[in-house]
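Engineer: What shape does this take:
(one chain, ligands or ions: 1)
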Amino acid sequence: MMDTSDPTAAPVRWALAIHGGAGTRPRRLPAEEVRAMRETLRAALDAAIPILRDGGRALDATQSAVRVMEASGVLNAGRGAVLNQDGFAELDAALMDGRGRRVGAVAAVRHIAHPIDLARAVLDHGRHVLIAGEGARQFAVERGFALEPDDYFITPRRLTELERVLAARRAGSGSDSIPWHPAGTVGAVALDTHGDLAAATSTGGLTGKHAGRVGDSPIIGAGTIAENGVCAVSGTGTGEFFMRFTAASEVAARVKFQGARLEDAARDVIEMMKAAGGEGGLIAVDAEGNIAMPFSSEAMLRGCASYNREAEVIVDDEK
Ligand code: ASP
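Structural biologist: Numbers count the residues shown, from 1 in each chain. You can find the predicted model right below:
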């Protein structure tokens, strides 16, 4: 616990932001699913806040928040993730520790209920940064992870979405012209009381994606980044744009080299991608505990809390 005995001491800062993906407004979904999303985001905050408040590590807090969202069945990560064009959940995840620039990431991995835990295992193992596909599965088995059958991940809603995307593609209207999903990828960013920053992102990617397609989430500097003294970022949206614009590191570079305010840097990078045709949003925290959560899509499920800000969850707002 932090020492509160000196009333004149500066407050010990911590901050947390999470997202449950950018996309179209969840209002179009059944009420109980929207409620489940809200409860999931609240549970993710509840998992991470005590860690930060009690002097724990940002890395552990972000991993804990993402774990909760991966298990929900209503977000695009872990169980309930979107399906690729062959009908499988192929998952990407990354975790970055701003202290020492330590990274663990996995890409296009199947059968793993919590890809963020596998990313953490890659980080803790320390030899590699990113392990993909069959090799990631092998690594998981070596580290004692259980393998889940494909059915574990597949929900009726994701099957319907895939059918719609494939039908539109067959009809020649192009899958990219219809909303890619009502809610997406999950992520968390945090500043802890030691001044360390961390970021975590986990996703099933895009509905109907080609087998083996890797998005921005596990690519450091695109969908995920954490640099102590600067900021931590987790993105969501059309990953091809986040990769082409190296979105996460673009936010960090503006804060670091231009002295931009976090909020301005984050919003400007989202706007820059929007101007080029890429939709989405991001969450970011900086070394002072400021939080930014801009998005250009219709909606972005999100939540935050900090040493001086009540916990808050937003699942459906006008934009
Ligand atoms: N950014 C993710 C990807 O392209 C998808 C999403 O955020 O919904 O893999």
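
Engineer: roughly how far is the stretch of helix or strand Ile225 belongs to from the heart of the chain?
Structural biologist: Taking DSSP states H and E as the definition, Ile225 sits inside strand 224-227. Centroid separation for strand 224-227 versus its chain: 12 Å, with C-alpha atoms, centre = their mean, to the nearest Å.

Engineer: just stretch 96-103 next, same as before
Structural biologist: In this view, stretch 96-103 has its centroid 16 Å away from the chain centroid, taken as C-alpha atoms, centre = their mean.

Engineer: what's the span of that stretch, first residue to last?
Structural biologist: This stretch, stretch 96-103, spans 5 Å end to end (C-alpha to C-alpha, to the nearest Å).

Engineer: Now the strand holding Ile225: average pLDDT?
Structural biologist: In this model, strand 224-227 has an average pLDDT of 98.

Engineer: Toward the C-terminus, what is the element adjacent to whichever strand or helix holds Ala107?
Structural biologist: For Ala107, the enclosing helix or strand under DSSP H and E is strand 102-109. Reading on from strand 102-109 to the C-terminus, the next helix or strand found by DSSP H and E is helix 115-125.

Engineer: wait, does that next one make contact with the ligand?
Structural biologist: No: using C-beta under 6 Å from any ligand atom, helix 115-125 stays clear of the ligand, coming no nearer than 12.1 Å. Every residue, glycine included, has its C-beta placed from N, CA and C.

Engineer: Pairing partners for the helix or strand just after that helix, with directions?
Structural biologist: The helix or strand immediately downstream of helix 115-125 is strand 130-132, counting by DSSP H and E. Strand 130-132 has the following strand partners under DSSP bridges: strand 102-109 (parallel).

Engineer: Quickly check: the partner strand near the ligand or not.
Structural biologist: No: counting by C-beta under 6 Å from any ligand atom, the ligand has no neighbours in strand 102-109; the shortest distance is 9.8 Å.

Engineer: returning to that earlier point: run me through the strand neighbours of the helix or strand just after the strand holding Ile225, direction for each.
Structural biologist: Counting by DSSP H and E, the next helix or strand C-terminal to strand 224-227 is strand 231-237. Neighbouring strands of strand 231-237 in its sheet, by DSSP bridges, are strand 224-227 (antiparallel), strand 280-286 (antiparallel).

Engineer: Near the ligand, which residues of this protein are found?
Structural biologist: Residues of the chain lying close to the ligand by C-beta under 6 Å from any ligand atom are 21, 76, 184-185, 203, 205-206, 215-217, 223, 236-239.

Engineer: ok, and the most crowded of those?
Structural biologist: Among the residues of the chain next to the ligand, the one with the most neighbours (other C-beta atoms under 10 Å) is Thr185, at 36 neighbours.

Engineer: Across the sheet, point out what pairs with the residue nearest to that one when sequence neighbours are not counted.
Structural biologist: Of all residues not flanking Thr185 in the chain, Thr203 sits nearest, at 3.7 Å (C-beta to C-beta, 6 or more residues apart in numbering). Beta-bridge partners for Thr203, by DSSP bridges, are Asp92.

Engineer: Would you mind measuring from the residue nearest to Val109 when sequence neighbours are not counted to the ligand?
Structural biologist: Computed as C-beta to C-beta, 6+ apart, the closest residue to Val109 that is not its neighbour in sequence is Ala136, at 4.0 Å. Remark: distance between Ala136 and the ligand (C-beta to the nearest ligand atom, to the nearest Å) = 16 Å.

Engineer: Point me to the residue of the stretch 1-150 of the chain nearest the ligand.
Structural biologist: Among the residues of the stretch 1-150 of the chain, Gly21 lies closest to the ligand, at 5.1 Å counting by C-beta to the nearest ligand atom.

Engineer: by how many degrees do the helix or strand containing that residue and strand 231-237 diverge?
Structural biologist: Gly21 is part of strand 15-23 when elements are defined by DSSP H and E. Orientation check (axes from the mean of the first three to the mean of the last three C-alpha atoms, to 10 degrees): strand 15-23 against strand 231-237 gives 20 degrees.

Engineer: low-confidence ranges in this structure?
Structural biologist: By pLDDT under 70, the low-scoring segments of the chain are 1-5, 7, 27, 173-183, 317-319.

Engineer: Centroid-nearest residue for it?
Structural biologist: Residue closest to the mean C-alpha point of the chain, counted by C-alpha atoms, centre = their mean, is Gly187 at 2.2 Å.
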